[in-house]
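Undergrad: Just a sequence and a predicted model for now, questions to come.
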Amino acid sequence: MLQQTRVAAVIEYYQRFLKKFPNVQKLAAAREASVLAAWSGLGYYRRARMLHAAAKQVVKEHNSQFPSTAEELCQLSGVGRYTSAAIASIAFNQPVAVVDGNVERVIQRLLGKNLADETIWREATNLLSTKRPGDFNQAMMELGATVCTPRQPLCLLCPVEQFCATRGEIKSDTSKVSQRKREAFYTLNRRHGNVLLTQRPRTASLMPGMWELPAVTNPNGAKVWLTLKHSITVTDYTVRVLENVALQNAEAKWISPSKLDRIPLTGLTRKILKAGRFLQ
DNA sequence: TAACCGTGGAA
DNA sequence: TTTCCAAGGTT
């Protein structure tokens, strides 16, 4: 959950997820739709599918016991260089260093700029406390998150300021992809307290198989019930929600509000249904 | 290798 | 208001 996602955004999901899937066997035995529903709104849904697959791997290939070395953990789906080292060091006290966005920035500034990835990992490994690798790794990340911040780092508070080559020089920003702006229309159709939803194609690259309100291509004349802003990847949407627009050849299903929390909704759909009091 | 994948909050 | 970017991994 923490991959490219802030701790603050994760905590609530994490607690709810563990309540629903309290151990690796329960997660492995769950339906994918159920896992995605618990992930709904968190984004990067491939992580949920990968985690589900990894749970099955642990159950089948490791007798439901988590492997304890970074090398073995790295074989699990969705677990890469960072995540395997984080689990191995924090959960199993293995002497392996992590490099996340924070650590990368800290080391770049400490040693100077333009270090290759391999160099950063090597330096992180050199610095690592082999006695308390988990605490060291978390301290490095926390230093980057709270002191050695991307903009206006707090060098006066930095415990390693005297060793720093750059004293918080701004990290050279890479290519910036400007956000595109678009307008999108959806319709909120109610009948007997139910709401009409459609499923995104399973072959879609973006949020495959997730459920959302039916899109409206030709909104002329329809009354706008709600307008809101929503950003998805590189596009800033102005979303206008209409009411009871007749659908044309769209596969849609009437969903009862009581079932909504078991359906993988997109974050935007979740937002709209909350505004309409279909969801808490 | 670089593009792609969601969302929300801070600056 | 806009911009930036998070406890990255996969293809």
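TA: Looks like it came in fine.
Undergrad: Please tell me how far A:Ala8 sits from A:Thr266.
TA: 21 Å (CB to CB, to the nearest Å). No exception for glycine: its C-beta is placed from N, CA and C like everyone else's.
Undergrad: Between the two, which is the more surrounded one?
TA: Using other CB atoms under 10 Å as the criterion, A:Ala8 and A:Thr266 rank with A:Thr266 on top: 21 against 7.
Undergrad: Next up, the contacts around that one.
TA: A:40, A:200, A:207, A:210-212 (CB atoms under 8 Å, 6 or more residues apart in numbering).
Undergrad: any idea how far A:Ser40 lies from A:Leu273?
TA: Distance from A:Ser40 to A:Leu273, by CB to CB: 11 Å.
Undergrad: neighbour-wise, which of these two wins?
TA: Counted by other CB under 10 Å, A:Ser40 and A:Leu273 do not tie: A:Ser40 has more neighbours, with 24 against 21.
Undergrad: Identify the residue nearest the more buried one in space, chain neighbours excluded?
TA: A:Leu265 (4.8 Å; CB to CB, 6 or more residues apart in numbering).
Undergrad: With A:His192 as the reference, measure out to that neighbour.
TA: A:Leu265 sits 20 Å away from A:His192, going by CB to CB.
Undergrad: ok, these two, which is more surrounded?
TA: Set A:Leu265 next to A:His192 and count neighbours by other CB under 10 Å: A:Leu265 wins out with 24 against 6.
Undergrad: who's the more buried one bridged to?
TA: A:Trp211 (DSSP bridges).
Undergrad: I figured it hits A:Met210, correct?
TA: Yes. Using CB atoms under 8 Å, A:Leu265 is in contact with A:Met210, at 6.7 Å.
Undergrad: Can you pull the residues that touch both of those two?
TA: A:Ser40.
Undergrad: Give the residues shared as contacts by A:Ser40 and A:Leu273.
TA: Both A:Ser40 and A:Leu273 are contacted by A:Leu265, under the criterion CB under 8 Å, 6+ apart.
Undergrad: mind exporting the longest helix seen in chain A as PDB, just the C-alpha atoms?
TA: Longest helix in chain A by number of residues (criterion: DSSP state H): helix A:46-61. Output of helix A:46-61 as PDB, limited to C-alpha atoms (Å, rounded to 0.1, in the frame of the first residue of the first chain):
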ATOM      1  CA  ARG A  46      -2.300  -3.500  -9.900                       C
ATOM      2  CA  ARG A  47      -0.800  -3.500  -6.400                       C
ATOM      3  CA  ALA A  48      -3.900  -5.100  -5.100                       C
ATOM      4  CA  ARG A  49      -3.900  -7.800  -7.700                       C
ATOM      5  CA  MET A  50      -0.200  -8.400  -7.100                       C
ATOM      6  CA  LEU A  51      -0.600  -8.600  -3.400                       C
ATOM      7  CA  HIS A  52      -3.400 -11.100  -3.900                       C
ATOM      8  CA  ALA A  53      -1.100 -13.200  -6.100                       C
ATOM      9  CA  ALA A  54       1.700 -12.900  -3.600                       C
ATOM     10  CA  ALA A  55      -0.500 -14.200  -0.900                       C
ATOM     11  CA  LYS A  56      -1.300 -17.200  -3.000                       C
ATOM     12  CA  GLN A  57       2.400 -17.700  -3.600                       C
ATOM     13  CA  VAL A  58       3.200 -17.600   0.100                       C
ATOM     14  CA  VAL A  59       0.500 -20.100   0.900                       C
ATOM     15  CA  LYS A  60       1.300 -22.500  -2.000                       C
ATOM     16  CA  GLU A  61       5.100 -22.200  -2.300                       C
END
